[in-house]
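[1] Okay, predicted coordinates and the sequence, questions at the end:
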Amino acid sequence: MRRMPYETEMKRLREFLKEHKLTLVKLIAKGHSSFVFLVRKGDKKLVAKLERKDSTREGMIEKEVANLKKANSLNVGPKLYGFDKKRKIILMEYIEGKTFNEWLFEKRKRAELIRFLAELFRQAITLDNAGLDHGQLAGRGVNILVRDGLPVIIDFEKASQKRKPHNFSKLLAYLLINKKSRICARVWQILQAKEKN
């Protein structure tokens, strides 16, 4: 079981929240190198991502900020609102929605899925052309959220502007080629379903 934040980490977060007039709502995710908190500024929901003090990824926050800035310049990813290098915290848009995996296994119409996939592949090609490899789009579908039926790619922590991008090819294999995968099987089940007019 992954640990809860240490008091020293919470102190950094509280200082950041106070400085930016934000209110802590709850912890929404725990990772190997960060904690993700839902915070509020008035009625607006935001995400504060706090680097763990025992993180082995040196410069994680700075790298994610650079990658997210690049993605945002392409209209991809949650909007970056700011970051605190000293406290190792990123403030970004909160995406209200389900993970792709959850969304896909609900009752879906073929047209909905086609619209979603067209936009997801467009974003992947855009990232490829800009030289930004996300690196974690295939898998459990947790780094792709669905908001209003459209994809939002999140978590640019392990993305790279140095390695050769393979966003489109990895998504293509993950969603349409590897039919042994339950995700791919479900995509084809929806795409091949006959619908009533």
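    Okay, I see it.

[2] switch to C-alpha atoms for all contacts and neighbour counts from now on
    OK.

[3] so Lys26, which of the three states?
    The three-state assignment at Lys26 reads strand, by DSSP: H, G, I helix; E, B strand; the rest coil.

[4] if I look at it, how far off is Leu38?
    Lys26 is 5 Å from Leu38, where distance means CA to CA, to the nearest Å.

[5] So these two - more neighbours on which side?
    When Lys26 is set against Leu38 and neighbours are counted by other CA atoms under 10 Å, the residue ahead is Leu38, at 19 against 10.

[6] show me what contacts that one?
    For Leu38, the set of contacting residues under the criterion of CA atoms under 8 Å, 6 or more residues apart in numbering consists of 24-28, 45-48, 94.

[7] From Lys70, how far out is it?
    As defined by CA to CA, Leu38 lies at a distance of 23 Å from Lys70.

[8] try Arg40
    Between Arg40 and Lys70 the distance is 25 Å, computed by CA to CA.

[9] How about Phe105?
    31 Å.

[10] again with Val25
    28 Å.

[11] Could you list the domains of this protein?
    Domains of the chain are assigned by automatic domain parsing as 7-93, 98-191.

[12] now these in CSV, with mean pLDDT?
    CSV is the format used below for these (pLDDT from 0 to 100):
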stretch, mean pLDDT
domain 7-93, 94
domain 98-191, 95
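
[13] did I read that right, Val39 in a strand?
    Yes: secondary structure of Val39, determined by three-state DSSP: located in a strand.

[14] wait, what's in contact with it?
    22-26, 45-48.

[15] List only buried entries from the residues you listed.
    22-24, 45-48 (16 or more other CA atoms under 10 Å).

[16] Quick check: phi and psi on the spatially most central residue of the chain?
    For the chain, the residue sitting closest to the mean C-alpha position, by CA atoms, centre = their mean, is Ile154 at 1.5 Å. Main-chain dihedrals, Ile154, degrees, to the nearest 10: phi -120, psi 180.

[17] my guess is it meets Gly77, correct?
    Yes: at 5.5 Å, Ile154 and Gly77 qualify as touching, with contact defined as CA atoms under 8 Å.

[18] Quick check: Pro165 touching Asp133?
    Yes: with contact defined as CA under 8 Å, Pro165 reaches Asp133; the gap is 4.2 Å.

[19] what do the two both touch?
    Applying CA under 8 Å, 6+ apart, one finds that Pro165 and Asp133 are jointly contacted by Leu127.

[20] Please say which of Phe105 and Lys70 ends up with more neighbours.
    Neighbours were tallied for Phe105 and for Lys70 using other CA under 10 Å; the higher tally belongs to Lys70 (18 against 13).
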